[in-house]
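Student: take this sequence and fold it.
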Amino acid sequence: MGDYNRFPVALLLALLLTTFAFGQAPVDGFMKGKRQGVFAASAGFEGANDYFTSPPTTTAIGRSAISASLFAIYGLTNKVNVQANIPFVSNDNKSGPQDGSIYLKVQPFGLKLGEKSQFSAIAAGGFSGPLSPYETESASSIGQQAVSFDGRVVLQFYTNYKFFIQAQSGYTFRLNPVPHSYPIFAKAGLTWTKTYMDVWYEIQEAIGGKDYQGVGDKRPSSFRQLGVSYHRAGASFFYAYGEKTGISLGAYTVLQGRNAFKATGGSIGWIYQFERKKIVSVQQG
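Tutor: Numbering: from 1, shown residues only. Have a look, this model is predicted:
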């Protein structure tokens, strides 16, 4: 499946806002080739005037936040990639590193369909955890201090090196008291020589948990117990302005949710593609 890497834009498709601040799912359906890698830096903004207490009920609680993110992915082999992400979030008077993550992507299955079409399956597993002791007990907190183990399968069909569709799902296990959840994510996009665009839809569904305005056994003693669910949709655009560099733009909106802000956000990123050269030793007689 290394054929993707023959194309200038596809060299950079391995991320394209998938792990940028306020971005998409943490992994995508593209693999980097052996010794190839990507480094990216991004900045994002999110704003909300309402908070989903339960679908479709909202209450007038608002907030705004800005973020920055550092991301890297590297091909250990053509079928095994490792990636890491470090986000920084500033929300009102709360700021600092949020929840960093590291993932391993493995492509056990790939099938060519004709000359230019391919179908692939990728298994991904990751770990994330808080990078700072940020507080969790206010509307301006930047997270739930969650320690998470995430596993998912990504299916992708890519045809004529221009159009692709992708779907993924799995399970996210979180240490108590943060509830577990499962993700559902779908994306479709187009690629050209120097540009790329996609549209996507993401669902996170919490399994159990308490509610912000819950009563009785649904009343939380800590915001870490909240079950956070949401539906959000967005789009991304990428332009390569050099052989190894490019810029990306993204935007999204939260359509519905539970214990989640009715937010709209966007981000801009800079991407750099690199390749580690093989070291060859020469013995002289």
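Student: can you pull the contacts of the closest residue to Tyr252 other than its chain neighbours?
Tutor: Of all residues not flanking Tyr252 in the chain, Gly234 sits nearest, at 3.0 Å (CB to CB, 6 or more residues apart in numbering). Where you see a C-beta, it was placed from the backbone N, CA and C, and this is true even at glycine. Applying CB atoms under 8 Å, 6 or more residues apart in numbering, one finds that Gly234 lies in contact with 24, 199-200, 202, 250-253.
Student: any idea how far Ile86 is from Gly234?
Tutor: When CB to CB, to the nearest Å is applied, the distance between Gly234 and Ile86 equals 22 Å.
Student: and for Thr191?
Tutor: Separation of Thr191 from Ile86 (CB to CB) stands at 28 Å.
Student: now stretch 243-250: buried residues?
Tutor: 246, 248, 250 (16 or more other CB atoms under 10 Å).
Student: now the last one: how far from Lys94?
Tutor: It refers to Gly250. Gly250 is 23 Å from Lys94, where distance means CB to CB.
Student: ok, the first one next?
Tutor: Using CB to CB, we find Gly246 at a distance of 32 Å from Lys94.
Student: ok, back up a step: tell me which of the buried residues of stretch 243-250 is nearest to Lys210?
Tutor: Closest approach between those and Lys210, by CB to CB: Gly250, at 31.4 Å.
Student: and that closest one, that's in a strand?
Tutor: Yes - the assignment for Gly250 by DSSP: H, G, I helix; E, B strand; the rest coil puts it in a strand.
Student: before we move on, what SS does Arg224 have?
Tutor: Note that with three-state DSSP, the state of Arg224 is helix.
Student: low-confidence bits of the stretch 1-150 of the chain, can you list those?
Tutor: Counting by pLDDT under 70, the ranges of the stretch 1-150 of the chain that qualify are 1-23.
Student: which parts of it are strands?
Tutor: If DSSP state E, counting those that start in this stretch is used as the criterion, the strands of the stretch 1-150 of the chain fall at 36-54, 57-59, 63-77, 80-91, 94-97, 99-113, 117-130, 148-159.
Student: those: which one's closest to Asp28?
Tutor: Counting by CB to CB, and looking across all of the strands of the stretch 1-150 of the chain, nearest comes strand 148-159 at 7.0 Å.
Student: which strands and helices sit next to the very next helix or strand once past the closest one?
Tutor: Along the chain past strand 148-159, the next helix or strand (assigned with DSSP states H and E) turns out to be strand 163-174. In terms of contacts (3 or more CB pairs under 8 Å, 6 or more residues apart in numbering; DSSP states H and E), strand 163-174 is packed against strand 148-159, strand 181-191.
Student: what pairs with strand 163-174, and is each one parallel or antiparallel?
Tutor: If you go by DSSP bridges, strand 163-174 pairs up with strand 148-159 (antiparallel), strand 181-191 (antiparallel).
Student: need those strands in CSV with mean neighbour count, can you?
Tutor: What follows is these, written out as CSV (neighbours: other CB atoms under 10 Å):
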stretch, mean neighbour count
strand 148-159, 18
strand 181-191, 18
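Student: redo the ones you listed as JSON lines? Include distance to Val228.
Tutor: Compiled in JSON lines, the strands paired with strand 163-174 are given as follows (distance: least, CB to CB, whole Å):
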{"stretch": "strand 148-159", "distance to Val228": "12"}
{"stretch": "strand 181-191", "distance to Val228": "7"}
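Student: how about those strands, which one is nearest Leu175?
Tutor: Nearest to Leu175 among these is strand 148-159; the distance by CB to CB comes to 7.8 Å.
Student: give me the nearest residue to Gln83, chain neighbours excluded.
Tutor: Ile73 (3.8 Å).
Student: so for stretch 60-70, what gets flagged as buried?
Tutor: By 16+ other CB under 10 Å, the buried positions in stretch 60-70 come out as 63-70.
Student: max pairwise distance over the residues you listed: which two?
Tutor: Arg63 and Leu70 (23.6 Å).
Student: now the strands of the stretch 1-150 of the chain as TSV including distance to Ser138?
Tutor: TSV is the format used below for those (distance: least, CB to CB, whole Å):
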stretch	distance to Ser138
strand 36-54	12
strand 57-59	15
strand 63-77	10
strand 80-91	10
strand 94-97	8
strand 99-113	17
strand 117-130	16
strand 148-159	21
